[in-house]
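[1] Okay, here's the prediction I keep looking at, along with the sequence it came from:
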Amino acid sequence: MTTVNLTLNGEAISQQVHARDSLADVLREGLNLTGTHVGCEQGACGACTVTLDGMAVRSCIVLAVMCEGRTVETIEGTRHTEPMDIIRRHFHEKHALQCGFCTPGMLMMARDIIARHPDPDEATIRSQLSGQICRCTGYAGIIAAIGSAAREIRETN
Amino acid sequence: MKPAAFDYARPPSLDDAIRLLADGDGAAMPISGGQSLLILMGLRMTMIDTLVDVTQLQELKQLRDDGDGVFVGALTTHATIEDGKIPDPSAGLLARVASKIAYRAVRNLGTIGGSVALADPAADWPACLIALGAEVCIVGPGGERRERVEDFVRGAYETSLATGEIVVGFQLPRREATRWGISKVSRKSGAFADSMAVAVEATDGAPRVALAGTASRALHLPQVSLHLQQHRTVDAAELATVIRAELAELVPDADPYQLRCHVATISRAIAEARA
């Protein structure tokens, strides 16, 4: 086992990990942060998206041992933060989820998309979201939610 | 989807990394972004005893513009290139290629050096770098060497890297009035290409056309490139004949679907470069 020191949701932590443990598994099984969902476990579905040093990454294809000294934020860390509260409300209002399995990854990616594209058109949202898989909604609600959340965030800033 | 157990090392210097890779005797592998390698390991498609984390090596992070060309360090991520944060000798081609690789969350970690060193036959960077006439810069137990990218990639997941050698970066020539075109066919956005072609033309040298998505490796297409050099305007039917003839020679195992994809991407890339 190796000790990894990182900042997780604003708090400095040390965690014992095996070299082969993914960040997703350490978050869920070692740290009980089960908001990060593991779907495909091969980087294809996006459900496990978290941020690493502020960048969206797929925690199933990040080794926890490589996170030494870095900053990780999971969906739990976004509670009561702007602009995620706004995005979350628009997901609710636009029916952007059904079973909710993909939603933590969708929200993390939605915030990343809006940060890089403050005024995204539908084509931009669709292409930027193409790495996040949802098997319930058909995406229409998610795309509408990101568009309307981006508008509200733009107008309140 | 869990990788088999392996040892992990994070060497602080390039010399240490080379020693660890050399001592590993072929079962040690460098890791940077890990965005392809960790998936292959999860699928148990590779046998690795030791992962050598190269993300601390400053030599691999360099970005240099020396006028005649640009050095891009191996650890440069696709997202960094997509966002235009490197000196660009390609008139925007590098950023365009980067933006179409997988998804943003993958591009944030995946690196140009890792992509070329892994040598997936459908990967985007080998074809792009071949079309740009780039060289790969390598350091190993025997010192430094440079090789053209089309010579470096030898087959599917196969390169000229010897045990203990590591890709440090790429030297890209700066050419006059670069024009380029690119075409990629994938089953879905972000997926590996069934076929991808890149065409690069400049006023100070011969055109270069490269193809990815074959069963073996990214290829330079010398006959198609020569045809462009000899014809200021290309006749579509004549060009298709030249492309088919070269594919018959270089990609003899392609099935009819793949051949149609290759003819289409090569033609479109050339048309875009000449538009």
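    The structure has been received and is ready for your questions.
[2] Next up, phi/psi of the residue of the stretch 51-200 of chain B found nearest chain A, please.
    Distance from chain A to each residue of the stretch 51-200 of chain B (C-beta to the nearest C-beta) is smallest for B:Tyr103, at 2.7 Å. (Glycine included, C-beta is placed from N, CA and C.) The phi and psi values for B:Tyr103, taken as degrees, to the nearest 10, are phi -130, psi 160.
[3] Now do the strands in the stretch 1-150 of chain B.
    When secondary structure is read from DSSP state E, counting those that start in this stretch, the stretch 1-150 of chain B shows strands at B:7-9, B:28-31, B:50-53, B:63-65, B:69-73, B:135-140, B:143-148.
[4] Let me have the ones you listed in JSON lines, extended by mean neighbour count and mean pLDDT.
    Conversion of those to JSON lines gives the following (neighbours: other C-beta atoms under 10 Å in any protein chain shown; pLDDT from 0 to 100):
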{"stretch": "strand B:7-9", "mean neighbour count": "16", "mean pLDDT": "98"}
{"stretch": "strand B:28-31", "mean neighbour count": "22", "mean pLDDT": "97"}
{"stretch": "strand B:50-53", "mean neighbour count": "23", "mean pLDDT": "98"}
{"stretch": "strand B:63-65", "mean neighbour count": "14", "mean pLDDT": "97"}
{"stretch": "strand B:69-73", "mean neighbour count": "22", "mean pLDDT": "97"}
{"stretch": "strand B:135-140", "mean neighbour count": "22", "mean pLDDT": "98"}
{"stretch": "strand B:143-148", "mean neighbour count": "12", "mean pLDDT": "98"}
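[5] Need those in a markdown table (columns: distance to A:His37).
    What follows is the strands of the stretch 1-150 of chain B, written out as a markdown table (distance: least, C-beta to C-beta, whole Å):
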| stretch | distance to A:His37 |
| --- | --- |
| strand B:7-9 | 26 |
| strand B:28-31 | 25 |
| strand B:50-53 | 26 |
| strand B:63-65 | 36 |
| strand B:69-73 | 34 |
| strand B:135-140 | 39 |
| strand B:143-148 | 43 |
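[6] before we move on, the earlier item: out of everything not next to it in sequence, what's closest to the residue of the stretch 51-200 of chain B closest to chain A?
    Closest residue in space to B:Tyr103, ignoring its immediate chain neighbours: A:Gly131 at 2.7 Å, by C-beta to C-beta, 6 or more residues apart in numbering or on different chains.
[7] can you tell me which residues contact the one you found?
    If a contact means C-beta atoms under 8 Å, 6 or more residues apart in numbering or on different chains, then A:Gly131 has A:Gly46, A:Met109, B:Ala102, B:Tyr103, B:Arg104, B:Ala105, B:Val106, B:Gly190 as its contacts.
[8] Now the buried members of these.
    By neighbour count, with 16 or more other C-beta atoms under 10 Å in any protein chain shown, those hold A:Gly46, A:Met109, B:Ala102, B:Tyr103, B:Arg104, B:Ala105, B:Val106, B:Gly190 as buried.
[9] quick one: which of those residues is nearest to B:Leu38?
    Looking at these and their distance to B:Leu38, the nearest is B:Val106, at 11.0 Å (C-beta to C-beta).
[10] Surely that closest one and B:Gln35 touch.
    Yes - counting by C-beta atoms under 8 Å, a contact exists between B:Val106 and B:Gln35, whose distance comes to 4.8 Å.
[11] Any idea how many residues pack against the nearest residue to A:Ser130 once chain neighbours are set aside?
    Spatial nearest neighbour of A:Ser130, chain neighbours left out: B:Ser189 (4.3 Å); criterion: C-beta to C-beta, 6+ apart. Summarising burial for B:Ser189: neighbours were counted as other C-beta atoms under 10 Å in any protein chain shown, giving 15.
[12] Look up how far B:Ser99 lies from B:Ser189.
    From B:Ser189 over to B:Ser99 the distance is 11 Å, taken as C-beta to C-beta, to the nearest Å.
[13] picking up where we left off before, switch the contacts of A:Gly131 over to CSV; also include pLDDT and distance to B:Trp180.
    Rendered in CSV, the data for these read as follows (pLDDT from 0 to 100; distance: C-beta to C-beta, whole Å):
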residue, pLDDT, distance to B:Trp180
A:Gly46, 98, 30
A:Met109, 98, 30
B:Ala102, 96, 21
B:Tyr103, 97, 23
B:Arg104, 97, 23
B:Ala105, 98, 27
B:Val106, 98, 23
B:Gly190, 87, 21
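[14] follow-up on the earlier one: for the strands of the stretch 1-150 of chain B, which one sits closest to A:Gly100?
    In this view, the strands of the stretch 1-150 of chain B are compared for proximity to A:Gly100 by C-beta to C-beta, and strand B:28-31 is the closest at 33.1 Å.
[15] so how far is the closest one from its chain's centroid?
    Centroid separation for strand B:28-31 versus its chain: 18 Å, with C-alpha atoms, centre = their mean, to the nearest Å.
[16] for stretch B:48-66, same thing?
    For stretch B:48-66, the distance between its averaged C-alpha position and the chain's averaged C-alpha position is 17 Å (C-alpha atoms, centre = their mean).
[17] outside of it, which residues touch it?
    Outside stretch B:48-66, the residues that reach it (C-beta under 8 Å, 6+ apart) are A:19, A:63, A:66, B:6-14, B:17, B:20-21, B:24, B:27-32, B:41, B:70-76, B:86-87, B:89, B:113, B:139, B:166-169.
[18] picking up where we left off before, can the contacts of A:Gly131 go into TSV with extra columns for distance to A:Ile146?
    Conversion of the contacts of A:Gly131 to TSV gives the following (distance: C-beta to C-beta, whole Å):
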residue	distance to A:Ile146
A:Gly46	14
A:Met109	9
B:Ala102	20
B:Tyr103	15
B:Arg104	14
B:Ala105	15
B:Val106	20
B:Gly190	17
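[19] so which of those residues comes closest to A:Phe101?
    Distance ranking of the contacts of A:Gly131 against A:Phe101, using C-beta to C-beta, places A:Gly46 first at 11.0 Å.
[20] On the three-state scheme, that closest one is what?
    In the three-state summary, A:Gly46 is assigned as coil, counting by DSSP: H, G, I helix; E, B strand; the rest coil.
[21] Could you pull up the contacting residues of the nearest residue to it once chain neighbours are set aside?
    Setting aside the residues directly before and after it, A:Gly46 is nearest to A:Gln132 in space (C-beta to C-beta, 6+ apart), at 3.7 Å. Contacts of A:Gln132 were listed using C-beta under 8 Å, 6+ apart, and they are A:Cys45, A:Gly46, A:Ala47, A:Thr49, A:Cys102, A:Gly105, A:Met106, A:Met109, B:Tyr103.
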